[in-house]
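Student: here are the coordinates; sequence isn't available:
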């Protein structure tokens, strides 16, 4: 049984009973985060890009847990400079880890740290863990090659931004779901700040209208698949 815990914004912890993987751990300074960074137990950290609301508490969590950061090359090297273990990858690259595998996909966005330093290409990711394929879109606008992502890897769970302004809004996210054709969809990147306010229930209903299933877990809630 795979357990996926939503930590608000774009942060999730995925546990397969042996390994724990956290994605985009923005907890400190996140008004909606249900847990503190110091309480996180993780073996791996996967980052979509370098913006502060995704990079978040990566150094603290990595050092506290002796965890490995998985990210595109420039961001991974930056993590090394912050004293973290890291595994550099890049868009289109796939690599096997003890928990499964990670393949980075394109994402139409930007990537820099809080000082404006370039952190490489932004990315989405297809994570294979516990026999399931999880597609975390990262921060992105809608793009037609999402259809190809869904064709190459049958997606069990898709995590898609819906908040607009910096990413897709609800309407574009529904189209993304149609292109990827996952078994289950979870919205993310909404309601953390006023500029990305969105109603996830509207998204769930719109996804149901195209014959797909979506869930909007509460902050800290665990989904089992």
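Tutor: Structure's in. What do you need? Keep in mind that what you see is a predicted model, and the values were worked out from it rather than measured.

Student: Tell me the spacing between the residue nearest to residue 199 when sequence neighbours are not counted and residue 117.
Tutor: Distances taken as Cβ to Cβ, 6 or more residues apart in numbering put residue 170 closest to residue 199, at 7.8 Å, once the chain neighbours are dropped. Backbone N, C-alpha and C define where each C-beta goes, glycine included. Distance, residue 170 to residue 117, using Cβ to Cβ, to the nearest Å: 33 Å.

Student: Kindly report the same for residue 168.
Tutor: Distance from residue 168 to residue 117, by Cβ to Cβ: 26 Å.

Student: quick one: which of the two has more around it?
Tutor: Per other Cβ atoms under 10 Å, whichever of residue 168 and residue 117 has more neighbours is residue 168, with 24 against 11.

Student: contacting residues around the more buried one?
Tutor: Contacts of residue 168 were listed using Cβ atoms under 8 Å, 6 or more residues apart in numbering, and they are 140, 141, 142, 160, 161, 162, 176.

Student: and for the helix or strand containing the fourth one, what are the contacting residues?
Tutor: Using DSSP states H and E, residue 160 sits in strand 157-161. Applying Cβ under 8 Å, 6+ apart, the external contacts of strand 157-161 come out as 4, 10, 12, 132-140, 167-168, 173, 176-177, 180, 182-190, 223, 225.

Student: Just the mean pLDDT for it, thanks.
Tutor: Strand 157-161 shows an average pLDDT of 98 in the prediction.

Student: Looking at the next helix-or-strand element following that strand now, give me its mean pLDDT.
Tutor: Later in the chain than strand 157-161, the nearest helix or strand by DSSP H and E is helix 170-180. On average, the pLDDT along helix 170-180 is 98.

Student: buried residues in helix 170-180?
Tutor: 170, 172, 173, 174, 175, 176, 177, 179, 180 (16 or more other Cβ atoms under 10 Å).

Student: Could you export the residues you listed as TSV, including distance to residue 79?
Tutor: Shown next, in TSV, are the buried residues of helix 170-180 (distance: Cβ to Cβ, whole Å):
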residue	distance to residue 79
170	33
172	31
173	29
174	34
175	33
176	28
177	31
179	31
180	29
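
Student: so which of the residues you listed comes closest to residue 194?
Tutor: residue 170 (16.4 Å; Cβ to Cβ).

Student: May I have the residues that are in contact with that closest one?
Tutor: 162, 164, 198, 199, 202, 203, 206.

Student: which residues touch the nearest residue to the third one once chain neighbours are set aside?
Tutor: What that stands for is residue 198. In space, and not counting its chain neighbours, residue 198 is closest to residue 190: 4.1 Å by Cβ to Cβ, 6+ apart. Shown in contact with residue 190 (Cβ under 8 Å, 6+ apart): 161, 162, 163, 196, 197, 198, 200.

Student: Likewise for residue 83?
Tutor: 59, 63.

Student: contacting residues around the residue nearest to residue 47 when sequence neighbours are not counted?
Tutor: Sequence neighbours aside, residue 71 is the residue nearest to residue 47 in space, at 4.2 Å (criterion: Cβ to Cβ, 6+ apart). Applying Cβ under 8 Å, 6+ apart to residue 71 gives the contacts 46, 47, 79, 86, 87, 88, 89, 120.

Student: Mark which of those are buried, thanks.
Tutor: Burial by neighbour count, judged by 16+ other Cβ under 10 Å, picks out 46, 47, 79, 86, 88, 89, 120 from the contacts of residue 71.

Student: Sounds good, over and out.
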